[in-house]
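Visitor: need coordinates for the following:
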Amino acid sequence: MFRFSLFFTVFAVISTKVIAQDIGYAKKTINTLTSSSYWGRGYTNNGMAKAADFIEREFKNLGLTPIDAMAYKQEFSFPVNTFPDQMKLEVNGKALRPGKDFIVHQASKGISATANLMQKDSLTYVSPEAGVVLSVVPKLTWSVAQKVMDYTLIEVAQKAITTSPKTVKLAITNQLIPNFTAANVVGMVKGTSKPDSILVFTAHYDHLGGMGSSTYFPGANDNASGVALLLDLARYYAKNPSKYSIVFIAFAAEEAGLLGSKYFTENPLFPLSQIRFLWNLDLMGNGDAGATVVNATLHSKEFTLLNKINNANQYLVKINPRGKAANSDHYFFTEKGVPAFFMYTQGGVSAYHDVDDIAATLPLSAYQNIFKLLVAFNKELIN
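Guide: Model prediction:
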């Protein structure tokens with residue numbers, strides 16, 4: 001644990017020079033990970049595996065080493081429901097666009113049918129015979145499911161229809177994969193004098209993948225932005241090793257239920273007791289309204305240090321404290337007693353779990369300053 005007596009004498013003289021950080025590298029990384037080649041970094045078209053390979057190549061190119069000479073990848077498996085092919089819907093004879101006008105609920109079964117609908121309530125329409133439920137919603141938000149329901153649920157955007165749904169025509173293909181294989185990707189910069197003391201940066205690289213053969217969810221803010229920052233920090237520490245070892249973990253299957261981080265904490269590649277602090281980076285693409293830190297109330301001294309550094313350098317307009325929450329990959333580390341913060345940015349674009357979370361509109365308004373803040377925090381924590 002850091003000492004405040006040291007902090008008050010040194011925080012005012014933290015270097016304000018530009019740290020070795022490259023916004024161009026971040027943008028290039030985000031553009032790569034959100035491209036159609038990676039197909040939403042999910043469960044069809046080999047998207048998640050391609051993203052894992054990309055991160056592994058970057059770790060190797062940067063000079064990071066695997067833990068204890070093991071492989072960079074830590075594989076695990078789990079069931080997942082996928083939609084690899086047909087994704088067609090007509091409502092009242094009008095063809096709707098997947099992702100833009102409608103989504104199929106992530107746990108839905110496949111179907112090919114034409115059916116009449118009856119109104120259940122003001123926003124819900126059903127065909128019991130066909131096993132179809134249609135829900136009219138203000139915003140389309142997708143996710144990932146590990147099971148399949150015994151009916152098909154379609155969510156239609158309010159703006160996509162002008163009259164009450166009376167008929168539907170559907171052609172939807174699903175496939176439940178009982179043992180989908182994914183991999184966490186792990187690399188390390190060994191400490192110069194205290195290698196058994198470890199600081200950790202994590203970010204999940206998976207997203208929602210594709211819904212049908214022509215629609216995918218790019219996931220720029222969630223979480224190509226966090227991966228870009230993770231890799232950028234890896235570049236920095238590879239060139240500027242610290243006393244402590246710095247470990248970088250890119251988690252898979254966060255969107256499926258924090259599965260990658262849960263697997264890692266149950267099968268750690270090094271003793272979790274060696275972790276002095278962990279930063280989980282998710283939704284790092286905005287920041288003009290500041291950022292929020294989960295677990296701030298659990299680790300008040302570290303949060304005070306973070307704010308002192310931020311106030312001295314005016315990196316972020318504000319850092320909001322939040323308590324414990326099971327909302328990203330820090331959670332299972334917290335449950336194991338590892339001191340950890342999860343930071344996410346606020347403001348900027350509001351796209352989330354939809355097809356509009358794209359690289360072109362992601363502002364990265366606080367990206368460079370967050371990078372500097374994290375490096376400065378680690379430096380003070382080590383001291």
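Visitor: dihedrals phi and psi, T192?
Guide: Note on T192: backbone dihedrals following degrees, to the nearest 10 are phi -80, psi -30.
Visitor: pretty sure it contacts N240?
Guide: No. Contact criterion CB atoms under 8 Å: T192 and N240 do not qualify, at 10.1 Å. C-betas here are computed from N, CA, C, even on glycine.
Visitor: tell me the contacts of A326?
Guide: L258 (CB atoms under 8 Å, 6 or more residues apart in numbering).
Visitor: state the helix or strand in which it lies.
Guide: Mapping A326 onto the secondary structure by DSSP states H and E places it in no helix or strand at all.
Visitor: pull the longest strand from the protein.
Guide: If you go by DSSP state E, the chain has its longest strand at strand 175-189.
Visitor: give the rounded mean pLDDT of it.
Guide: Averaging pLDDT along strand 175-189 gives 98.
Visitor: distance from the chain centre to it, please.
Guide: Distance, stretch centre to chain centre, for strand 175-189: 14 Å (CA atoms, centre = their mean, to the nearest Å).
Visitor: buried sites along that strand?
Guide: L176, I177, F180, A182, A183, N184, V185, V186, G187, M188, V189 (16 or more other CB atoms under 10 Å).
Visitor: and it, C-alpha only, in CSV?
Guide: C-alpha atoms of strand 175-189 as CSV (Å, rounded to 0.1, in the frame of the first residue of the first chain):
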residue,chain,number,x,y,z
GLN,A,175,-27.3,-22.6,-33.9
LEU,A,176,-26.5,-23.5,-30.3
ILE,A,177,-22.8,-24.3,-30.0
PRO,A,178,-22.4,-26.4,-26.8
ASN,A,179,-18.7,-26.0,-26.5
PHE,A,180,-17.5,-22.8,-28.0
THR,A,181,-13.8,-22.3,-27.5
ALA,A,182,-12.4,-18.9,-26.6
ALA,A,183,-9.2,-17.6,-25.2
ASN,A,184,-7.9,-15.0,-22.8
VAL,A,185,-4.7,-13.4,-24.1
VAL,A,186,-2.0,-12.7,-21.5
GLY,A,187,1.4,-11.0,-21.7
MET,A,188,3.9,-9.5,-19.2
VAL,A,189,6.6,-7.0,-18.9
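Visitor: gap between the two ends of stretch 362-369?
Guide: End-to-end distance for stretch 362-369: 16 Å, by CA to CA, to the nearest Å.
Visitor: starting at the chain centroid, how far to it?
Guide: Distance of stretch 362-369 from its chain centroid, counting by CA atoms, centre = their mean, is 16 Å.
Visitor: what's the answer for stretch 299-316, then?
Guide: That offset, for stretch 299-316, works out to 24 Å (CA atoms, centre = their mean).
Visitor: can you give me the strands in the stretch 251-383 of the chain?
Guide: Assigned by DSSP state E, counting those that start in this stretch, the stretch 251-383 of the chain shows strands spanning 275-281, 291-294, 319-322, 340-345.
Visitor: partner strands of the second one, with direction?
Guide: On the basis of DSSP bridges, the sheet neighbours of strand 291-294 come out as strand 319-322 (parallel), strand 340-345 (antiparallel).
Visitor: what's in contact with that strand?
Guide: If you take CB under 8 Å, 6+ apart as the criterion, strand 291-294 is touched by 303, 306, 316, 318-325, 327-328, 330, 341-346, 366, 370.
Visitor: which of those residues count as buried?
Guide: Using 16+ other CB under 10 Å, the buried ones in the contacts of strand 291-294 are 303, 306, 316, 319, 322, 328, 330, 341-346, 366, 370.
Visitor: any chance of the strands of the stretch 251-383 of the chain in TSV, plus distance to T361 and mean pLDDT?
Guide: Shown next, in TSV, are the strands of the stretch 251-383 of the chain (distance: least, CB to CB, whole Å; pLDDT from 0 to 100):
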stretch	distance to T361	mean pLDDT
strand 275-281	20	98
strand 291-294	19	98
strand 319-322	24	98
strand 340-345	14	98
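Visitor: mind giving me a markdown table with those strands and columns for distance to Q146?
Guide: Shown next, in a markdown table, are the strands of the stretch 251-383 of the chain (distance: least, CB to CB, whole Å):
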| stretch | distance to Q146 |
| --- | --- |
| strand 275-281 | 22 |
| strand 291-294 | 24 |
| strand 319-322 | 27 |
| strand 340-345 | 23 |
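Visitor: of all these, which one comes closest to S108?
Guide: strand 340-345 (29.2 Å; CB to CB).
Visitor: just the residues contacting that closest one, thanks.
Guide: 277-287, 289-296, 299, 302-303, 306, 325, 327-331, 333-334, 366, 370.
Visitor: now do 7 Å
Guide: 278-287, 291-295, 299, 328, 330, 333-334, 366 (CB atoms under 7 Å, 6 or more residues apart in numbering).
Visitor: angle of that strand against strand 275-281?
Guide: 20 degrees (axes from the mean of the first three to the mean of the last three CA atoms, to 10 degrees).
Visitor: can you show me the CA trace of strand 340-345 as PDB?
Guide: Output in PDB follows, covering the C-alpha atoms of strand 340-345 (Å, rounded to 0.1, in the frame of the first residue of the first chain):
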ATOM      1  CA  ALA A 340      -9.100  -3.400  -8.300                       C
ATOM      2  CA  PHE A 341     -10.700  -0.400 -10.000                       C
ATOM      3  CA  PHE A 342     -12.900  -0.500 -13.100                       C
ATOM      4  CA  MET A 343     -12.900   2.800 -15.000                       C
ATOM      5  CA  TYR A 344     -15.300   3.700 -17.700                       C
ATOM      6  CA  THR A 345     -15.700   7.100 -19.400                       C
END
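Visitor: what about T202, distance to V185?
Guide: Applying CB to CB, to the nearest Å, the value for T202 to V185 is 11 Å.
Visitor: oops, could you answer that again for K336 instead?
Guide: K336 is 20 Å from V185, by CB to CB.
Visitor: which parts of the stretch 1-150 of the chain are strands?
Guide: Under DSSP E, counting those that start in this stretch, the stretch 1-150 of the chain gives strands at 73-82, 87-91, 94-96, 102-104, 111-116, 118-121, 124-127, 132-137.
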